[in-house]
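In: Okay, here's the prediction I keep looking at, along with the sequence it came from:
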Amino acid sequence: MIKVGIIGTSSLTSGEIIKILLKHPRAKLAYLESENFAGKKVWEVHKFLKGVLDLNLKNFSEEEITENCSVTFISKQHNYASGISRNLIAKGVRVIDLSADFRLKDAEVYRKWYGIEHKDHALLKKAVYGLSELYSEKIKKALLVANPGCYPTSIILGCAPLFANSLVDPKETIVSSYSGVSGAGRIAKPGINLFMDSFRNLFPYNVATHRHTPEIEQELSIIGNTQVNLTFVPHVAPLDKGILSTMYLKPVKETSEDDLIKLYKKVYDQCPFIRVYENGNFPSTLNVVDTNFCDIGIKYDPKNSRIIVVSAIDNLIKGAAGQAVQNMNLMMGFDETEGLPSGKKV
């Protein structure tokens, strides 16, 4: 049984991590940090835990974490994890960071898109990008894992087989994604996640300027061994949870739907949380909410020479908490499905 800490316990994502870990057969919560709610019981912040978990929320204590935890999740604002992770790792604690601090390999790109200087350039280079379907062997050996963003998870998994096999033009990718309002977090953001903003409403935001863009381009460029550029347009949908991404890609040669689906099934055959749909079928958010699945459907449009890929995930589970626990499992030598909602048989 490993002991686990969470730094930034009040977030929606941390609430989901707690739900998962309470059912995990090999992990026990040992330390919960919250700078805003220190001194309160965790169930006073996450009401669903009343009568279930009675731990106190505490101020940050490096000493207490290193004495009591084998691994810790950091679910804080950007530029926080980069300031504390080095010392935790040096004292034997493995770190899974859910912010953007260690996702981008270039500190200058991080500064450009997030508007802040990175605090630890050297550690940035040692972090492993935590998309387990692609980097499981590296994650198993990692001391620091950068948990991917929610949109990048749905988009990279949806596109990876095409770029890995050089089947599409790296300069001709357009992505349109739709997210539930929980993607904006617990803090009220007028115009984005208030009820009056989202009820009976669907709208784009950060058109072609969303901060997940360089993360997606970075990983697809690595996968395809060439520079990938894409146009990314995210939207807020009148849903509480879920992401649906539709990707439009230009094939470099003629192909067929059957061949594409066979390729995807082969690539993801041993991935317990990837489900590839049959011809003519496409995913929906309803079928992935509260699961760690990423569902993928593929369409080939020969008339316009386009490959269309549709993916769906739960933004708080596969796009955050579930993926983080999947990474923890790999880091600690467990089966990657431990404690998570059932995956497919592989």
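Out: In hand now; what should we look at?
In: Pro238 - that's part of a helix, no?
Out: No. Counting by DSSP: H, G, I helix; E, B strand; the rest coil, Pro238 is located in no helix; its state is coil.
In: in the stretch 201-346 of the chain, which spans are strands?
Out: Ranges of strands in the stretch 201-346 of the chain, per DSSP state E, counting those that start in this stretch, are 203-204, 230-236, 243-251, 274-276, 294-301, 306-313.
In: Count the neighbours of Lys303 for me.
Out: 6 (other C-beta atoms under 10 Å). In this view, the C-beta of every residue, glycine as well, is placed from N, C-alpha and C.
In: Relative to Glu254, how far out is it?
Out: 12 Å (C-beta to C-beta, to the nearest Å).
In: So in that sheet, which strands flank the longest strand along the chain, and in what orientation?
Out: Criterion DSSP state E: the longest strand present in the chain is strand 168-179. Paired neighbours of strand 168-179 in the sheet (DSSP bridges): strand 230-236 (parallel), strand 243-251 (antiparallel).
In: which parts of it are buried?
Out: Within strand 168-179, the residues that count as buried by 16 or more other C-beta atoms under 10 Å are Val168, Pro170, Glu172, Thr173, Val175, Ser177, Tyr178, Ser179.
In: what's the answer for stretch 149-169, then?
Out: In stretch 149-169, the ones that count as buried by 16+ other C-beta under 10 Å are 149-164, 167-168.
In: any chance of the strands paired with strand 168-179 in JSON lines, with mean pLDDT too?
Out: Shown next, in JSON lines, are these (pLDDT from 0 to 100):
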{"stretch": "strand 230-236", "mean pLDDT": "97"}
{"stretch": "strand 243-251", "mean pLDDT": "98"}
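In: Give me whichever of the ones you listed is most buried.
Out: Among those, strand 243-251 has the highest mean neighbour count (mean count of other C-beta atoms under 10 Å), at a mean of 22.
In: what angle separates it from strand 294-301?
Out: 40 degrees (axes from the mean of the first three to the mean of the last three C-alpha atoms, to 10 degrees).
In: Can you pull out the residues in contact with strand 243-251?
Out: Contacts to strand 243-251, defined as C-beta atoms under 8 Å, 6 or more residues apart in numbering, come from residues 150-151, 154-155, 158-159, 162, 167-169, 172-180, 183, 237, 283-285, 300, 305-315, 319.
In: Could you rerun that using 6 Å?
Out: 150, 154-155, 158-159, 162, 167-169, 172-179, 285, 306-313, 315 (C-beta atoms under 6 Å, 6 or more residues apart in numbering).
In: roughly how far is it from the heart of the chain?
Out: How far strand 243-251 lies from its chain's middle: 18 Å, per C-alpha atoms, centre = their mean, to the nearest Å.
In: For Gly5, which of the strands paired with strand 168-179 is the nearest?
Out: strand 243-251 (27.7 Å; C-beta to C-beta).
In: hang on, the earlier thing: among the strands paired with strand 168-179, which comes closest to Val52?
Out: strand 243-251 (28.0 Å).
In: Can you check what angle separates the closest one from strand 306-313?
Out: Going by the same axes, to 10 degrees, strand 243-251 makes 160 degrees with strand 306-313.
In: lowest-pLDDT helix or strand in the protein?
Out: The weakest-scoring helix or strand in the chain, judged by mean pLDDT, DSSP states H and E, is helix 195-198 (a mean of 66).
In: ok so, going back, nearest to His78, out of the strands of the stretch 201-346 of the chain?
Out: strand 230-236 (17.5 Å).
In: Just the CA atoms of the closest one, as CSV, please.
Out: What follows is strand 230-236, C-alpha atoms only, in CSV (Å, rounded to 0.1, in the frame of the first residue of the first chain):
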residue,chain,number,x,y,z
LEU,A,230,-2.5,23.2,-36.6
THR,A,231,-5.5,25.5,-36.3
PHE,A,232,-7.3,24.8,-33.0
VAL,A,233,-10.7,26.2,-32.2
PRO,A,234,-12.2,25.3,-28.8
HIS,A,235,-15.8,25.8,-27.8
VAL,A,236,-17.8,25.7,-24.5
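In: Noted, bye for now.
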